[in-house]
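**Student:** Model the structure of this input:
(chains A and B)
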2 protein chains.
Amino acid sequence: MSVTTKATIASFGGKLLKLSHAATSTKCEMSFNLYLPPQAFQNPAQKIPVLLYLSGLTCTADNCSEKGFFQHGASKKGIAVLYPDTSPRGLNIEGENDSWDFGTGAGFYVDATKAPYNNGYNMYTYVTEELPAVVFKAFPQLDASRVSITGHSMGGHGALTLYLRNPGKYKSVSAFAPISNPINCPWGQKALAGYFGEELRETKWKEHDATELVKKWKGPLDVLIDVGTGDNFYKQGQLLPENFEKAAKEAGVEGVKVRYQPDYDHSYYTMATFSDDHVEHAAKQGIGDCVVLMDLF
Amino acid sequence: MSVTTKATIASFGGKLLKLSHAATSTKCEMSFNLYLPPQAFQNPAQKIPVLLYLSGLTCTADNCSEKGFFQHGASKKGIAVLYPDTSPRGLNIEGENDSWDFGTGAGFYVDATKAPYNNGYNMYTYVTEELPAVVFKAFPQLDASRVSITGHSMGGHGALTLYLRNPGKYKSVSAFAPISNPINCPWGQKALAGYFGEELRETKWKEHDATELVKKWKGPLDVLIDVGTGDNFYKQGQLLPENFEKAAKEAGVEGVKVRYQPDYDHSYYTMATFSDDHVEHAAKQGIGDCVVLMDLF
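**Tutor:** Okay, the predicted model is just below:
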């Protein structure tokens, strides 16, 4: 359970920590980043809420840490940002490095049931259980009772499905360009077939599909989704946010807000532009904030 | 003089353009980026001021565009940001790719006089003359009379020296972790010896050294410099901002403000944290702004 600190980087008055730990669920050393806002260093009695950010295909914890600018909003709101990796690494499973959209860097936030990936590709358990346990033990100033979730692309799928599968676990949810209906898009079909097998199409696949899950949601749902109309993956039908919106509407679930941002693409430029809004959404709709009097920078 | 558009990327309500053109001063195709803030698309009669950002060793125009967060502040102030490349590329000069701190990616914003680099390594002329001519012709909405300058590391050296060598050309100057006294640090000595030769140590070298130039400055100087105390290159004596401060003080030049930022390093995390301040400095001390009523995002 011990955490290794690989780097400590000053950022927006707080610290971005590059960390790693030996994970049992994924059977390898897992890297992750944690941004501690300035408020985490000011009043030890004040607990800091956490925004969990799930990354997209091919990414590590570093991409969004460098280019997403969540630290900007998080530093103002007094929110920590937890950036997990996107898959186990170095398990030496045959074929895991053959595709950029499956295997390494593409864990899809599920627990694989199909061999050989069931031997370590357990990103669902890792992100929902093991990583939080490690982080909240190592950083007692963080508030385990106030965690919100967001993510990009594959990580948007992760954010929506983890939220919908675990009512009450996360205080709010938002997403950028999420893979919203993976059972009906090429990326999702490839991943779900590879991690679960074709034979579980009606069961496991649907249990990790936001559009299927929202049909069973009870009560309102306050979710913010940003999708760029210039996003090539949106145009190619990999994201299908319309299906998610339609399913929610037909199920009578209110509060799904999809903003189609004119011309924005699938890149971190889009996230940088709107990350303040998603931090604000997490603060307002979920975890609150931790703004104390300060003038650090 | 024609400009090729390689990409148009939505960013903070405006557009980041990835461009290139055939440059005569550097004898090759030069890539550069230009951020047009939202105001550039609103009122054609309103001219947009420009902040010229000079990058550091090894960088292209893309690094700061992705990680520096200047678009955040520039979009609010209605300022365009021009990101040139750091050297000619592909000239096939023997040895130009042998070092990361000399040759390709390391033009040092001088016009080389020594063979073989005098055959194209003319980043001073490129940045002060050719590129602005191309840009202001291709983008008539930009205001050629309102240009400020900033930069990072080698680009901080560029910003300070171009400003000090050309009184009145740039409306304000700032820098992140600038190489402030290149004639007295390893990076600068290697570059100046390579581009000018040892025999010009007392002449050309000093003409491109901010600490030497400030000694001859007349009148006040409103310059903002941020240096991180956790910056390893600062600790190694590559930056020497103290020498610049001391020279200014001894010459009676007022208005040199160096902020030593606790724990911050040499990375773009530092720039992202303070870029808003440098955009604000450019707007307040130099080029003004172009804020019109808008609510684009």
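
**Student:** Could you report the distance from A:Ala177 to chain B?
**Tutor:** As defined by C-beta to the nearest C-beta, to the nearest Å, A:Ala177 lies at a distance of 13 Å from chain B. C-beta: built from backbone N, CA, C; applies to glycine.

**Student:** and if you look at A:Phe136?
**Tutor:** 25 Å.

**Student:** Look at that residue and give its secondary structure.
**Tutor:** helix (DSSP: H, G, I helix; E, B strand; the rest coil).

**Student:** ok, for it, nearest residue in space, not its chain neighbours?
**Tutor:** A:Ala144 (4.4 Å; C-beta to C-beta, 6 or more residues apart in numbering or on different chains).

**Student:** Would it be right to say that that neighbour lies in a helix?
**Tutor:** No - applying three-state DSSP, one finds A:Ala144 to be strand, outside a helix.

**Student:** so who does it touch?
**Tutor:** A:Val50, A:Pro132, A:Phe136 (C-beta atoms under 8 Å, 6 or more residues apart in numbering or on different chains).

**Student:** If you rank those by neighbours, which is first?
**Tutor:** Among the contacts of A:Ala144, A:Val50 has the most neighbours (other C-beta atoms under 10 Å in any protein chain shown), with 29 neighbours.

**Student:** Can you tell me the SS state at the residue in the stretch 101-250 of chain A that chain B sits nearest to?
**Tutor:** Proximity of the stretch 101-250 of chain A to chain B (C-beta to the nearest C-beta) peaks at A:Gly230, 6.4 Å away. Three-state call for A:Gly230 (three-state DSSP): coil.

**Student:** Quick check: it touching B:Ala10?
**Tutor:** Yes - at 6.4 Å, A:Gly230 counts as touching B:Ala10 under the criterion of C-beta atoms under 8 Å.

**Student:** Common neighbours of those two, please.
**Tutor:** Common contact partners of A:Gly230 and B:Ala10 (C-beta under 8 Å, 6+ apart): A:Pro262, A:Asp263, A:Tyr264, A:Asp265.

**Student:** Sort out which of those residues are buried, if you could.
**Tutor:** A:Tyr264, A:Asp265 (16 or more other C-beta atoms under 10 Å in any protein chain shown).

**Student:** Show me the helices in the stretch 51-200 of chain A, by range?
**Tutor:** For the stretch 51-200 of chain A, the helices defined by DSSP state H, counting those that start in this stretch cover A:61-67, A:70-77, A:123-125, A:131-138, A:154-165, A:186-196.

**Student:** Can I get the ones you listed in TSV including mean pLDDT?
**Tutor:** Shown next, in TSV, are these (pLDDT from 0 to 100):
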stretch	mean pLDDT
helix A:61-67	98
helix A:70-77	97
helix A:123-125	98
helix A:131-138	98
helix A:154-165	98
helix A:186-196	98
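
**Student:** looking at those, which is buried most?
**Tutor:** helix A:154-165 (a mean of 27; mean count of other C-beta atoms under 10 Å in any protein chain shown).

**Student:** That helix to helix A:186-196, inter-axis angle?
**Tutor:** 60 degrees (axes from the mean of the first three to the mean of the last three C-alpha atoms, to 10 degrees).

**Student:** so what does helix A:154-165 touch, helix or strand wise?
**Tutor:** strand A:48-54, strand A:142-151, strand A:173-176, helix A:210-214, strand A:223-228 (3 or more C-beta pairs under 8 Å, 6 or more residues apart in numbering or on different chains; DSSP states H and E).

**Student:** ok, back up a step: more crowded one of A:Gly230 and B:Ala10?
**Tutor:** Under the criterion of other C-beta under 10 Å, the comparison of A:Gly230 against B:Ala10 puts B:Ala10 first, with 21 against 17.
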